[in-house]
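Undergrad: coordinates only, sequence not included:
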């Protein structure tokens, strides 16, 4: 290789300067022509690239801030219902119907939801009753703190849990997921949260298709109180969340950044790493400082949130991530791409799969290792589909059939619930519950034991018992849930059918070509 000093000098230099380190006077890009004087950007280019930088930071803040604003959305929704302190909880005593706006909630179990603030009330005790279904505590960035109930350390026997703030009782050092420890003469399952605000979500199972047993168990056995009040804990106030219209979903407008600022300003600096805090700070969201962007920045952030929202929706409804789809040439996808509740690739060696995290939190809630673990006969597994067998979006104007083959690998039961792609909440139709459940609903079976479900605005004649109503002119998508999943689900020897288009409605969709990498 010839030394640079022996090559012909670049004009303006004493020696040859590699082209790869120089900047031309004009560079054409997707944001326009960028112009320079000897590598120094012109005033117009400076403005152009700073606008672009702020726009990119706004988009990335949206995509990476969704976990925080999603928890905040739940908190705000509960406050609207009157659940504004630790001993006021929301219970879906008549199941979750389509009235509430709640990300992909199910119609199959009795939800109980609570929010507590560890900065305000200190270490919090949660006593759960025996035979409680899956329960979880998530922090203010939707990270896993501890499981309760069947997947938790009490293994469905019930018990006392103690949730510590990030900055209290330093002599206790529980690992992620908690540990058993004695505190003030009582034995607890102890876990430490990284945040002050935390979400408690519990599920109770139906008995004979009814909610009574689960509701009674929660109302007679659940306690939530500060450790400082353990000798005289206040009574729990149960607020029904069923059949009431209320919203728990974060904004997809400029208001998103205001929601995120509320979280960042409230929580300890230690909740997030410096890299993420720096990203948020780059657009003016910083703890201890007002969020007050000027008019230019407001306009950029309004555009950024629109681009971020579109990106999140592409992630959910046309995922391009490797491993997103369960089967070749199928529309059935997983919301937990990669099999890590922390979205780590190759056990962390590949970093964090940011797009997979966005895919999950834009449409779902509850973060727990139990959702990605192979627990044969326990817990639950999920698959979702937004397209039919041809790769076109599911359109409420049309009529579709979905075959659920015989011998569904679910020890308990299976269900299909359909959702509104706008709200990612249950589709609001003339049916109270936009779903079918193998235990609760009397479904007509085929001769081979399989079940055909039908989806259309009006019930197909002769198939009323297997019909889920859709809304003409609106899209929809579906979640298949298996409760107590068995080996044929995990080894994929059993798989659901695809959505078969039977009849075009008055507003047929325009077919969208789909690359193999998107299926």
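TA: Thanks, I have it. Note that the structure is predicted; figures quoted are calculated from it, not measured.
Undergrad: residues contacting residue 321?
TA: 315, 337, 338, 353, 355, 356, 359 (C-beta atoms under 8 Å, 6 or more residues apart in numbering). Bear in mind the C-beta positions are built from the backbone N, C-alpha and C, glycine included.
Undergrad: also residue 149?
TA: For residue 149, the contact set (C-beta under 8 Å, 6+ apart) comprises 128, 132, 133, 134, 135, 156, 202, 203.
Undergrad: ok, and the closest non-adjacent residue to it?
TA: The spatially closest residue to residue 149, leaving aside those adjacent along the chain, is residue 132, at 3.7 Å (C-beta to C-beta, 6 or more residues apart in numbering).
Undergrad: do the same with residue 221
TA: Leaving out its chain neighbours, the residue that sits closest to residue 221 by C-beta to C-beta, 6+ apart is residue 129, at 2.7 Å.
Undergrad: do I have it right that the one you found meets residue 220?
TA: Yes: Residue 129 is in contact with residue 220 according to C-beta atoms under 8 Å; the separation is 7.1 Å.
Undergrad: okay, those two: which has more neighbours?
TA: Shown here are residue 129 and residue 220; by other C-beta atoms under 10 Å, residue 129 has more neighbours (21 against 8).
Undergrad: for residue 93, see how far away that one is.
TA: Residue 129 sits 15 Å away from residue 93 when distances are taken as C-beta to C-beta, to the nearest Å.
Undergrad: show me the contacts for the residue nearest to residue 221.
TA: When contacts are counted by C-beta under 8 Å, 6+ apart, residue 129 is found next to 158, 217, 218, 220, 221, 222.
Undergrad: and it, what pLDDT?
TA: Model confidence at residue 129, expressed as pLDDT, equals 97.
Undergrad: picking up where we left off before, for PyMOL, write the select line for the buried members of the contacts of residue 129.
TA: With 16 or more other C-beta atoms under 10 Å as the criterion, this PyMOL line picks the buried residues out of the contacts of residue 129:
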select buried, resi 158+217+218+222
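Undergrad: turn the contacts of residue 129 into TSV, including secondary structure and pLDDT.
TA: Shown next, in TSV, are those (DSSP: H, G, I helix; E, B strand; the rest coil; pLDDT from 0 to 100):
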residue	secondary structure	pLDDT
158	coil	97
217	helix	97
218	helix	98
220	helix	97
221	helix	97
222	coil	98
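Undergrad: dump the contacts of residue 129 to JSON lines, plus distance to residue 83.
TA: Putting these into JSON lines (distance: C-beta to C-beta, whole Å) gives the following:
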{"residue": "158", "distance to residue 83": "23"}
{"residue": "217", "distance to residue 83": "19"}
{"residue": "218", "distance to residue 83": "14"}
{"residue": "220", "distance to residue 83": "19"}
{"residue": "221", "distance to residue 83": "19"}
{"residue": "222", "distance to residue 83": "14"}
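Undergrad: where does residue 6 land on pLDDT?
TA: In the predicted model, residue 6 carries a pLDDT score of 66.
Undergrad: ditto for residue 513
TA: Residue 513 carries a pLDDT value of 44.
Undergrad: again with the one 5 residues further on
TA: Confidence at residue 518, expressed as pLDDT, is 39.
Undergrad: list the buried ones in stretch 458-467?
TA: For stretch 458-467, a neighbour-count test (16+ other C-beta under 10 Å) marks 460, 466, 467 as buried.
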